[in-house]
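Peer 1: Got a sequence here, can you build the structure:
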Amino acid sequence: MSSFRSHVYVSVFLLSTLIPFSQQVLNEHNQKLEWIVGKWRSEFSGKIFWPTVPTMTFGEELVINEAPIAKSANVQFLNFSARAWSHSTKDHFHDEWGFLTVDPAGNATLMTTGNNGFTTYETGTVSPNKLVLTLKDIGRISFSRDLPVEDLRRTFIRHDDRYMEQVIEMRTATHPKVGYLEHTRVVYTKLK
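Peer 2: The predicted structure follows:
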């Protein structure tokens with residue numbers, strides 16, 4: 001991963017942990033994401049699929065909150081965090097921290113960094129109750145044990161006021177040769 005990316009993602013992580021959450025009004029562009037804002041949790045409905053690993057079940061908590069507007073850039077982001085664990089053993093899988101926003105043209109951007117050694121930059125489209133993001137760039141630490149991810153598509157679908165689903169499809173250096181394979185699927189319940 002480039003030195004610049006390393007500094008950006010370390011800065012993002014530090015700022016997201018040091019700045020307290022405050023209630024902000026979503027700007028007109030981010031109002032398109034109002035349906036995804038909140039705390040979502042799945043105790044055991046997450047499923048991991050991949051040709052080189054056993055299929056397993058996991059739990060995950062996803063939190064998407066309003067963030068203060070970055071006055072230097074006059075951009076409003078939503079804070080994004082996800083924490084996943086093994087359903088059967090309760091072992092910690094990974095964390096993701098980042099920011100989500102919609103630009104004036106209606107394009108969504110999600111930037112994340114995780115304790116699995118990956119940083120991602122994803123863009124896509126948002127429609128009522130659906131967000132589809134595809135990978136634009138990825139960084140990884142040099143000693144990560146995972147296969148290099150070459151492409152990724154992340155889809156959020158809100159089914160109703162209580163349930164939302166996230167599906168991650170990807171392509172690595174070895175699977176598949178073209179297109180995507182489903183990697184994870186999780187159905188969340190919205191917490192109050």
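
Peer 1: Counting neighbours, what do you get for residue 92?
Peer 2: By other C-beta atoms under 10 Å, the residues close to residue 92 number 11. Glycine gets a C-beta too; all of them are placed from N, C-alpha and C.

Peer 1: Number of residues surrounding residue 52?
Peer 2: For residue 52, using other C-beta under 10 Å, the count is 8.

Peer 1: now do residue 165
Peer 2: Residue 165: 16 neighbours (other C-beta under 10 Å).

Peer 1: likewise residue 121?
Peer 2: Using other C-beta under 10 Å, residue 121 is surrounded by 16 other residues.

Peer 1: Tell me the spatial nearest neighbour of it, not counting adjacent residues.
Peer 2: Excluding the flanking residues, the one nearest residue 121 by C-beta to C-beta, 6 or more residues apart in numbering is residue 137, at 4.3 Å.

Peer 1: Please identify the helix or strand for that neighbour.
Peer 2: strand 130-140 (DSSP states H and E).

Peer 1: Please state the offset of that strand from the chain centre?
Peer 2: Here strand 130-140 is found 9 Å from its chain centre; the criterion is C-alpha atoms, centre = their mean, to the nearest Å.

Peer 1: buried ones in that strand?
Peer 2: Within strand 130-140, the residues that count as buried by 16 or more other C-beta atoms under 10 Å are 131-133, 135, 138-140.

Peer 1: and if you look at stretch 96-109?
Peer 2: So stretch 96-109, judged by 16+ other C-beta under 10 Å, has buried residues 96-102, 108-109.

Peer 1: how about the residues you listed in JSON lines, adding distance to residue 151?
Peer 2: Output for the buried residues of stretch 96-109, formatted as JSON lines (distance: C-beta to C-beta, whole Å):
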{"residue": "96", "distance to residue 151": "18"}
{"residue": "97", "distance to residue 151": "22"}
{"residue": "98", "distance to residue 151": "19"}
{"residue": "99", "distance to residue 151": "22"}
{"residue": "100", "distance to residue 151": "20"}
{"residue": "101", "distance to residue 151": "22"}
{"residue": "102", "distance to residue 151": "22"}
{"residue": "108", "distance to residue 151": "17"}
{"residue": "109", "distance to residue 151": "17"}
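
Peer 1: Among these, which one lies nearest to residue 57?
Peer 2: Nearest to residue 57 out of the buried residues of stretch 96-109 is residue 96 (C-beta to C-beta; 18.8 Å).

Peer 1: Report the secondary structure state of the closest one.
Peer 2: Under DSSP: H, G, I helix; E, B strand; the rest coil, residue 96 falls in the strand class.

Peer 1: who does it bridge with?
Peer 2: Note on residue 96: beta-bridge partners by DSSP bridges are residue 82, residue 114.

Peer 1: And the pLDDT for it?
Peer 2: Looking at residue 96, its pLDDT stands at 96.

Peer 1: Report the separation between residue 112 and residue 122.
Peer 2: Counting by C-beta to C-beta, to the nearest Å, the gap from residue 112 to residue 122 is 8 Å.

Peer 1: Right, I'll leave it there.
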